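Asker: Have a look at this fold, sequence not included:
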């Protein structure tokens, strides 16, 4: 498990014995902060980068992918000096936009690879894509290269929900993903299919959520192709995410 960090985090990222995390995720940060995190986590930890996009247009997918790449190119090249780093783009695109999003990601993969950059594709919400829709995304999966990851979000309603493979560890139900490297770019407790509440602080205490994370970690460790999961969330906590806040909990996790 690693931490999902918005803007910055001053707490510990490594274990007390110095063991670094396998991955961390940084949202809306500078190249200078990426350099600082790299100094803290060492050379092997994968740093995932995302910028919040207020709009995620897919009306002309190829043009939009090129625009996204050009807008972020300079920052990505500066950050890549502190690799290994993989970059996300759009977030939680619904199934009705699957065909357009696949075109977007295939074009973005080509642009990123040409620039020597690594990619996290997808970043799909819980239960997305629906089973038949994975066929639509086959060109995206086929365009991935070594060092790229498929990004998934996984949230559960309560401790018992960790046994629901449609919410947690859903790659185990998808033969299309048998050889695909995966990172879970967001994870935690949330409202899922009308069950639970938004944020672990609304449904349990710290000890119970830590038990969640231990069990979830054991699920992740079952397959080597799963790089890890980023727990949402740390760093700057906006009002709507206050019940997801793990800043004070994270020292106990590491």
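Answerer: That came through, no problem. All values derive from a computational prediction rather than experimental measurement.

Asker: tally of neighbours for the residue lying closest to residue 145 once chain neighbours are set aside?
Answerer: Leaving aside its chain neighbours, residue 145 sits nearest to residue 113 (6.0 Å; criterion: C-beta to C-beta, 6 or more residues apart in numbering). Where you see a C-beta, it was placed from the backbone N, CA and C, and this is true even at glycine. Residues near residue 113, counting by other C-beta atoms under 10 Å, number 16.

Asker: can you check residue 88 too?
Answerer: Residue 88 has 21 nearby residues by other C-beta under 10 Å.

Asker: returning to what we had before: state the distance from the residue nearest to residue 145 to residue 233.
Answerer: 30 Å (C-beta to C-beta, to the nearest Å).

Asker: what's the answer for residue 163, then?
Answerer: Applying C-beta to C-beta, the value for residue 163 to residue 233 is 24 Å.

Asker: Ok, residue 136 next?
Answerer: In terms of C-beta to C-beta, residue 136 sits 30 Å off from residue 233.

Asker: ok, those two, which is more surrounded?
Answerer: Per other C-beta under 10 Å, whichever of residue 136 and residue 233 has more neighbours is residue 233, with 24 against 15.

Asker: Could you list every helix and strand that the lengthiest strand in the chain packs against?
Answerer: Longest strand of the chain, by residue count under DSSP state E: strand 226-235. Packing contacts for strand 226-235, counted by 3 or more C-beta pairs under 8 Å, 6 or more residues apart in numbering; DSSP states H and E, involve strand 2-6, strand 23-27, strand 182-189, helix 206-220.

Asker: Between those, which one is closest to residue 174.
Answerer: In terms of C-beta to C-beta, the element of those nearest to residue 174 is strand 182-189, at 10.2 Å.

Asker: so for the closest one, what's the average pLDDT?
Answerer: The pLDDT scores in strand 182-189 average 98.

Asker: again, but for stretch 247-254
Answerer: For stretch 247-254, mean pLDDT is 96.

Asker: buried ones in that stretch?
Answerer: Of all the residues in stretch 247-254, those buried under the rule 16 or more other C-beta atoms under 10 Å are 247, 249-250, 253-254.

Asker: mind giving me JSON lines with these and columns for secondary structure and distance to residue 15?
Answerer: Below are the buried residues of stretch 247-254 laid out as JSON lines (DSSP: H, G, I helix; E, B strand; the rest coil; distance: C-beta to C-beta, whole Å):
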{"residue": "247", "secondary structure": "coil", "distance to residue 15": "17"}
{"residue": "249", "secondary structure": "coil", "distance to residue 15": "15"}
{"residue": "250", "secondary structure": "helix", "distance to residue 15": "11"}
{"residue": "253", "secondary structure": "helix", "distance to residue 15": "9"}
{"residue": "254", "secondary structure": "coil", "distance to residue 15": "5"}
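
Asker: Right, I'll leave it there.
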